[in-house]
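S.K.: after the sequence you'll find the predicted model.
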Amino acid sequence: MQKLSFLVGSWSGHARLLRTSGEFVELHQTEEARYKLNGLVLLVEGIGRATSSGEPLLQAIGFISYDDETGAYRMRAFNEGRFLETQLALLPERKGMTWGFALGDIRTRSVLRINENGAWTELAEITIGSQPPKTLLDLIVYPQP
């Protein structure tokens, strides 16, 4: 689990989220990542508030753990009354990860990286059927003291 220590801390910045209407909404985004249970679990909580009104439009919480038997990282995340369970893959440079899921004709792929400036960037794309991928979430947050 120490390989995920690059996420630990408080982060703040902005995000763009694709709404069901097909329009993007601009968000003030915060992320909190903390180890729990003596480092067995990494808890990540994100809240995105509309920059125009402060209304919370994106609230998600995820639990990441490592499965010793399979040698894989697993995440269970909750958002808007739903949850997903998926496997994470660390990126080769070790300061990032990728995950996704499929449900019928819908597929998602997310890539999280810590960039050269120390910012957490995340790009989530959604693909429906044979349509080209669309950006679902584009996020950049910075470490907070």
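M.R.: Looks like it arrived, so ask away. Residues are numbered from 1 along each chain as shown.
S.K.: list of residues touching the one helix or strand R107 maps to?
M.R.: Taking DSSP states H and E as the definition, R107 sits inside strand 106-114. Residues from elsewhere that reach strand 106-114, judged by CB atoms under 8 Å, 6 or more residues apart in numbering: 6-7, 91, 93, 95-102, 120-128, 133, 136-137. All C-beta atoms are positioned from the backbone trio N, CA, C, and that covers glycine.
S.K.: buried ones among these?
M.R.: Buried residues within those, counting neighbours by 16 or more other CB atoms under 10 Å: 6-7, 95-97, 99-100, 120-127, 136-137.
S.K.: now, those that are in strands?
M.R.: Secondary structure assignment by DSSP state E places 96-97, 99-100, 120-127, 136-137 of these in strands.
S.K.: farthest pair within those residues?
M.R.: By the measure CB to CB, W120 and T127 form the most distant pair in these, at 23.6 Å.
S.K.: in contact with A119, which residues?
M.R.: Each residue near A119 by CB under 8 Å, 6+ apart is listed here: 13, 140-143.
S.K.: let me know the pLDDT of it.
M.R.: For A119, the model assigns a pLDDT of 97.
S.K.: likewise R82?
M.R.: On the pLDDT scale, R82 is placed at 84.
S.K.: burial of it, as a residue count?
M.R.: The tally of other residues near R82 (other CB atoms under 10 Å) stands at 8.
S.K.: restricting the selection to alpha carbons, write stretch 114-126 to CSV.
M.R.: Output in CSV follows, covering the C-alpha atoms of stretch 114-126 (Å, rounded to 0.1, in the frame of the first residue of the first chain):
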residue,chain,number,x,y,z
ILE,A,114,0.8,13.2,-10.3
ASN,A,115,2.3,15.5,-12.9
GLU,A,116,5.8,17.1,-13.0
ASN,A,117,4.5,20.1,-10.9
GLY,A,118,3.2,17.8,-8.2
ALA,A,119,-0.5,18.2,-9.1
TRP,A,120,-3.0,15.3,-9.1
THR,A,121,-4.5,15.1,-12.6
GLU,A,122,-7.3,12.8,-13.5
LEU,A,123,-9.0,12.1,-16.8
ALA,A,124,-12.0,9.8,-17.0
GLU,A,125,-13.5,8.9,-20.4
ILE,A,126,-16.8,7.1,-21.2
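S.K.: cool, thanks, signing off.
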